[in-house]
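Asker: fold the following for me, if possible:
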Amino acid sequence: MTVIDAIVQGIVQGLTEFLPVSSSGHLNITQHILGVTEDNLFFNVMLHIGTLVAVCAFYHKLIWRLIKAFGLLVADIFRGRFKWKTMDEDRRMLIMLVIGLLPLFLLFLPVPGTGMKLKDYVESFNSDRYFIIVGICLLITSLLLLLGNMCSQGYLFSKRHKDCPEGRKSFNVVDAIVVGLVQCCATLPGLSRSGSTLAAGQMRGVNKQKALDYTFILAIPSIIAAALLEFKDAMDVGVNAEILPVIIGMLVAAFVGYFSIVLFKWLLKTDKMYIFIAYTAVVGLAVIVISIIEMNTGVNLFTGAAIQ
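Answerer: Okay, here's the model as predicted:
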């Protein structure tokens, strides 16, 4: 891998990890166009670390409040002072984050007849042979973003109350479970994790900025878990990467990731989600058309290599 390849993939990872356009889908598209066939697990781990640095830097104040809330929560539980109804906002978010993460354990269930866990089965679709799945999932992302945007504006089965016309300011247990289940589905390449979980929160009637904050904070343990699993796999197969491209890719992913969080929050605040709705629809359709052509010809349109 060259430094240029590392920069390109770092930019793609940083932009798409947090923008609602699917990082896995766009890395798949980028690698398809560049003809990158090797699965460099260690490089993927470092890209995840880069985006982890970005979200932690942006939300460092909230993260510190949640850490303090965790310590106080544990102390209250041991003292018998914990009361669900009197929780403050930080403590409530902390508990809802834990609940939202529980559905991720479903990814480790075995898939009958395959000998694989659900996580591994889904990851098997990350190849040129299943490139069309990226396009289909991008179209689903576009649809979810559209539905979520319509709900946040009160056009579709709104759950708003007259006292909070902009949506609820906090998550409840059902909200957290729904978002957690949607996050599991977002392991498919092309289905945006940030976009689908944001849309789920909006469809549940949560304020769009609160839903986005929850989505980004929920990403932290998810990114850590993904990085640890990929690091374990990378150690099993051995590290085969030059250090300079890896470091540059990680730094680029961190810088661009921070910028993408700022951009996403601004676009959501100014009701410009139609940009992502249109973009994912257009790219999804383009990928589907390219995939159909490649399935008929048997070769990659960009590299000329045989589809395997």
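Asker: only C-alpha atoms for contact and neighbour calcs from this point on.
Answerer: Will do.
Asker: just want the most central residue of the chain.
Answerer: The centroid of the chain falls nearest to Arg193 when counting by CA atoms, centre = their mean (3.0 Å).
Asker: contacting residues for the closest residue to that residue other than its chain neighbours?
Answerer: In space, and not counting its chain neighbours, Arg193 is closest to Ala186: 4.9 Å by CA to CA, 6 or more residues apart in numbering. Residues near Ala186 by CA atoms under 8 Å, 6 or more residues apart in numbering: 192-193, 196.
Asker: got it, and Leu139?
Answerer: 280-281, 284-285.
Asker: and the next element down the chain from the strand or helix carrying it?
Answerer: Element membership for Leu139 (DSSP states H and E) is helix 131-152. Counting by DSSP H and E, the next helix or strand C-terminal to helix 131-152 is helix 173-185.
Asker: that next one: which residues count as buried?
Answerer: 175-185 (16 or more other CA atoms under 10 Å).
Asker: stretch 77-91 too?
Answerer: 90-91.
Asker: what does it contact?
Answerer: Stretch 77-91 is touched from outside by 65-66, 69-70, 73, 76, 170, with contacts defined as CA under 8 Å, 6+ apart.
Asker: any of those residues buried? List them.
Answerer: Burial by neighbour count, judged by 16+ other CA under 10 Å, picks out 66, 69-70, 73, 170 from the contacts of stretch 77-91.
Asker: export the residues you listed to CSV and tack on distance to Arg129?
Answerer: What follows is the buried ones among the contacts of stretch 77-91, written out as CSV (distance: CA to CA, whole Å):
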residue, distance to Arg129
Leu66, 43
Ala69, 47
Phe70, 45
Leu73, 49
Ser170, 42
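Asker: just name the closest of those residues to Asn207, please.
Answerer: Ser170 (7.9 Å; CA to CA).
Asker: now do the contacts for the closest one.
Answerer: 89, 92-93, 206-207, 210.
Asker: give me that answer again for 10 Å
Answerer: Counting by CA atoms under 10 Å, 6 or more residues apart in numbering, Ser170 touches 89-90, 92-93, 96, 205-207, 210-211, 214.
Asker: Thr51 now?
Answerer: Going by CA under 10 Å, 6+ apart, Thr51 touches 10, 13-18, 57, 219-220, 223, 250-258.
Asker: roughly how far does Thr86 sit from Lys265?
Answerer: For Thr86, the distance to Lys265 (CA to CA, to the nearest Å) stands at 30 Å.
Asker: how about the helix or strand hosting Glu294, which residues are buried there?
Answerer: Using DSSP H and E, Glu294 sits within helix 274-297. Across helix 274-297, burial judged by 16+ other CA under 10 Å covers 276-281, 283-285, 287-288, 290-291, 294-295.
Asker: where does the stretch 101-250 of the chain have low pLDDT?
Answerer: Within the stretch 101-250 of the chain, the ranges that satisfy pLDDT under 70 run 157-165, 233-234, 236-241.
Asker: follow-up on the earlier one: ok, the residue nearest to the centre of the chain touching Ala219?
Answerer: Yes - at 8.5 Å, Arg193 counts as touching Ala219 under the criterion of CA atoms under 10 Å.
Asker: anything in contact with each of these two?
Answerer: Counting by CA under 10 Å, 6+ apart, the residues touching both Arg193 and Ala219 are 17-18, 183.
Asker: between those residues, which is nearest Lys269?
Answerer: Nearest member of those to Lys269, counting by CA to CA, is Phe18, at 15.5 Å.
Asker: so that closest one touches Thr197, yeah?
Answerer: No - Phe18 lies out of contact with Thr197 (CA under 10 Å); the separation is 11.3 Å.
Asker: anything in contact with each of these two?
Answerer: By CA under 10 Å, 6+ apart, the residues touching both Phe18 and Thr197 are 212, 215-216.
Asker: so which of those wins on neighbours?
Answerer: Tallying neighbours with other CA atoms under 10 Å puts Thr215 at the head of those, with 26 neighbours.
Asker: wait, Gly249 touches Gly257, no?
Answerer: No - at 11.7 Å, Gly249 does not count as touching Gly257 under the criterion of CA under 10 Å.
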